[in-house]
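Asks: next comes the sequence, and after it the predicted model I'd like to discuss.
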Amino acid sequence: QVQLVESGGGLVQAGGSLRLSCAASGRTFRRYTMGWFRQAPGKEREFVIAISWTGGSTRYADSVKGRFTISRDNAKNTVYLEMNSLKPEDTAIYYCAADISLTVPPGTGASEYDAWGQGTQVTVSS
């Protein structure tokens, strides 16, 4: 069973940057497609970004293209979300998720992911 733990959230001013990390348990992390989703108060959970298990395919929500980047370090069982040019509308709880089905390109639907972290709060002040 995959366990995911996010870290790196916090409060940042608009225009600033944050890097989120998601550490995964298990020896087969390199075979997981990894994604990030977010949920703002009163809104549904939405797809943000994902990277395939190969590392060669990524998908982005239109709202974060050019600002957010995803990367993975299989040696550390960790996936990263680099967020730049943050906007107040990026404020949300950010969740890391793992898909063990070897899907390429990575999926964008929450139902396609098998394991979830507990989330980390990101707040962007104007």
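Replies: Looks like it arrived, so ask away.

Asks: only C-alpha atoms for contact and neighbour calcs from this point on.
Replies: Fine.

Asks: now for the spatially most central residue of the chain: which residues touch it?
Replies: The centroid of the chain falls nearest to Trp36 when counting by CA atoms, centre = their mean (2.2 Å). Counting by CA atoms under 8 Å, 6 or more residues apart in numbering, Trp36 touches Phe47, Val48, Ile49, Ala50, Leu81, Tyr94, Tyr95, Cys96, Ala97.

Asks: among the residues you listed, which lie within strands?
Replies: Under the assignment DSSP state E, those contribute Phe47, Val48, Ile49, Ala50, Leu81, Tyr94, Tyr95, Cys96, Ala97 to strands.

Asks: kindly reformat those residues as a markdown table containing neighbour count.
Replies: Converted to a markdown table, the ones in strands among the contacts of Trp36 look like this (neighbours: other CA atoms under 10 Å):
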| residue | neighbour count |
| --- | --- |
| Phe47 | 21 |
| Val48 | 23 |
| Ile49 | 25 |
| Ala50 | 29 |
| Leu81 | 23 |
| Tyr94 | 27 |
| Tyr95 | 26 |
| Cys96 | 30 |
| Ala97 | 29 |
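
Asks: which among the residues you listed gets closest to Ser21?
Replies: Leu81 (6.4 Å; CA to CA).

Asks: how about the contacts made by the closest one?
Replies: Arg19, Leu20, Ser21, Trp36, Phe68, Thr69, Ile70, Ser71.

Asks: and the angle from the helix or strand containing Val79 to strand 46-51?
Replies: Element membership for Val79, per DSSP states H and E: strand 78-83. Going by axes from the mean of the first three to the mean of the last three CA atoms, to 10 degrees, strand 78-83 is angled at 120 degrees with respect to strand 46-51.

Asks: thanks again, I'm all set now.
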